[in-house]
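1. Below: sequence and its predicted model.
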Amino acid sequence: MTGGQDSGPGERAARWLGGAARGSGGGLRRDLALLRQGRDWRGRARPPRGLPAGQDAARAPFRTAWARSAPAALARDALRTGVLKPLLWAHARPVVTGREHLAGLRGPVVFVANHASHLDTPLILGALPGPVAARTTVGAAADHFFASRLTGVTTALLFNAFPVDRRGDRKTGRLGHGAGLATRLIGSGWSVLLFPEGSRSRDGWMGWFRLGAARLCLDAGVPAVPVAVRGTFAALPPGDVLPRRDAAPISVRFGRPIVARPDETAPAFRDRMMREVNALWAESDVGWYGALRGAVEAADAPPTPAAAPPADGVRRAARWRRVWESTRPTERPGRRRVWGGPAPTWPRQRGAGSGVADGARGGARRS
């Protein structure tokens, strides 16, 4: 627009409030300038009015190259090892297994994990060996963690994260505008941590994996390392701000790296990643051998992806039952009995010594 014509209500409001802005140090004037540029009071871009509902305005991705610089790496290491990990480990007391599978890594990998809580990322990064964690980046939801400058800078600095459009490309299954960056990072020697479900679980059960992580492994030619995190849904479910102490035992399990076969498609590799994470998740209940046997025989049933279509004639468990099962405390580490079931008890016999009866009752109490 030219001349004396108005270009919109934002400009009229700016002229109307111009006098007040001059006397307030220019703060109001800057806020109004943001509104005229199509941004809100916090500087976040707003979608144009003509854009259909549910679609975001096209905008440049949040730049995170600075977070991988040497000064940022030093600050991140100090914050992680000096503040975040000691506090988290003292509060959550996680049990970490499978780190021996990472000893033979000689290059970048893609860590794929189930996602049930905001605790997952710091737990996985804290459980990784120091040199591996220092060279690992995290794909974070662009519409959540990079929606404002404050959260974007904090996420990038603390977790070495980069924005990922979790909607992805529906035709190819690849990640959104973070796909190219993830491929370049892997080419530069960085490992990538991704949560293929795309969002936190709302009931604690693992959701169906999207194709982005599998596509990334195929395109970059790197293996995937399955990771299963258990207990974080009970400790910090979606909607909570502070974690609950001793809500359930928390564990982080790393599996063996898996490599896509030459003729393997992205959907097939995605399904294999899901089976590996499922098997790791089940180890808390049935042990390593039981999970391995269940994976081989396809008879084990750890938390089935809630988003998967149920089999014919099979009804999916109600959401409240899935939440109840996800928050059920698992058996804490301790001495295991050879035979399953409750400890046997014997009735007191006339004339028998008190040691047998008392020992039986003691065993029943311990069970």
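-> Arrived safely, thanks for sending. Numbering: from 1, shown residues only.
2. Contacts only, for the closest residue to residue 157 other than its chain neighbours.
-> Distances taken as CB to CB, 6 or more residues apart in numbering place residue 67 nearest to residue 157, at 5.6 Å, with adjacent residues excluded. Just so you know, the C-beta spots here come from the backbone N, C-alpha and C atoms, and that holds for glycine as well. Applying CB atoms under 8 Å, 6 or more residues apart in numbering, one finds that residue 67 lies in contact with 76, 156, 157, 160, 161, 162.
3. Might you report the residue contacts of the first one?
-> Applying CB under 8 Å, 6+ apart to residue 76 gives the contacts 67, 157, 158, 160.
4. which of the residues you listed lies closest to residue 100?
-> residue 160 (24.3 Å; CB to CB).
5. what's the burial count for that closest one?
-> 25 (other CB atoms under 10 Å).
6. Ok, residue 122 next?
-> Other residues close to residue 122 by other CB under 10 Å number 19.
7. Pretty sure it sits against residue 88.
-> Yes: Residue 122 is in contact with residue 88 according to CB atoms under 8 Å; the separation is 5.7 Å.
8. What is the nearest of the contacts of residue 76 to residue 239?
-> Nearest to residue 239 among the contacts of residue 76, with distances taken as CB to CB, is residue 158, at 21.6 Å.
9. And the helix or strand that closest one falls within, what's buried?
-> According to DSSP states H and E, residue 158 maps onto helix 149-159. For helix 149-159, the neighbour count (16 or more other CB atoms under 10 Å) marks 152, 155, 156, 157, 158, 159 as buried.
10. would a markdown table of those residues with distance to residue 140 be doable?
-> Output for the buried residues of helix 149-159, formatted as a markdown table (distance: CB to CB, whole Å):
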| residue | distance to residue 140 |
| --- | --- |
| 152 | 9 |
| 155 | 6 |
| 156 | 8 |
| 157 | 12 |
| 158 | 11 |
| 159 | 7 |
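11. Serialize the residues you listed to CSV and add fields for pLDDT.
-> Shown next, in CSV, are the buried residues of helix 149-159 (pLDDT from 0 to 100):
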residue, pLDDT
152, 92
155, 94
156, 95
157, 95
158, 95
159, 96
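12. confidence score at the nearest residue to residue 126 once chain neighbours are set aside?
-> Of all residues not flanking residue 126 in the chain, residue 85 sits nearest, at 4.5 Å (CB to CB, 6+ apart). pLDDT for residue 85: 95.
13. same check, this time on the one 10 residues further on
-> Note for residue 95: predicted pLDDT of 94.
14. Is it in contact with residue 252, as I believe?
-> Yes: checked against CB under 8 Å, the pair residue 95 and residue 252 is within contact range at 7.5 Å.
15. So for those two, which sits in the more crowded spot?
-> residue 252 (25 against 16).
16. how close does residue 212 sit to residue 145?
-> 16 Å (CB to CB, to the nearest Å).
17. actually residue 209, not the one I typed
-> When residue 209 is compared with residue 145 (using CB to CB), they lie 20 Å apart.
18. So for these two, which residue has more residues nearby?
-> Taking neighbours as other CB under 10 Å, residue 209 and residue 145 compare with residue 209 leading, 25 against 22.
19. Next, count neighbours for the nearest residue to that one once chain neighbours are set aside.
-> Excluding the flanking residues, the one nearest residue 209 by CB to CB, 6+ apart is residue 196, at 3.9 Å. If you count neighbours by other CB under 10 Å, residue 196 ends up with 26.
20. got the contact list for residue 196?
-> Contacts of residue 196 (CB under 8 Å, 6+ apart): 112, 209, 210, 212, 213, 214, 270, 273.
21. again, but for residue 122
-> 84, 85, 88, 159.
22. Also residue 116?
-> With CB under 8 Å, 6+ apart, residue 116 has these contacts: 200, 201, 204, 206, 229, 232, 233, 237, 326.
23. In terms of pLDDT, where does the third one sit?
-> Here the pLDDT value assigned to residue 204 is 75.
24. Just give me the closest of the contacts of residue 122 to residue 72.
-> residue 159 (11.4 Å).
25. what's around the closest residue to the closest one other than its chain neighbours, how many residues?
-> Distances taken as CB to CB, 6+ apart place residue 138 nearest to residue 159, at 4.8 Å, with adjacent residues excluded. Applying the criterion other CB under 10 Å, we find 23 residues in the vicinity of residue 138.
26. quick one: the strands in this protein?
-> In the chain, the segments counted as strands under DSSP state E are 95-97, 110-113, 136-141, 161-164, 191-194, 224-230, 251-254.
27. what's the angle between the third one and helix 149-159?
-> Between strand 136-141 and helix 149-159, the angle formed by their directions is 150 degrees, by axes from the mean of the first three to the mean of the last three CA atoms, to 10 degrees.
28. For residue 93, give me phi and psi.
-> When read as degrees, to the nearest 10, the backbone of residue 93 gives phi 50, psi 60.
29. What ranges in the stretch 151-300 of the chain fall below the confidence cut-off?
-> Per-residue confidence of the stretch 151-300 of the chain (counting by pLDDT under 70) places the weak regions at 167-178, 246, 284-300.
30. hang on, the earlier thing: give the burial count for the residue nearest to residue 126, as a bare number.
-> So residue 85, with other CB under 10 Å, has 17 neighbours.
31. next one: residue 244
-> 14.
32. Quick check: it vs residue 95, distance?
-> Taking CB to CB, one finds residue 244 at 17 Å from residue 95.
33. Can you pull the domain assignment for the chain?
-> 10-59, 67-297 (automatic domain parsing).
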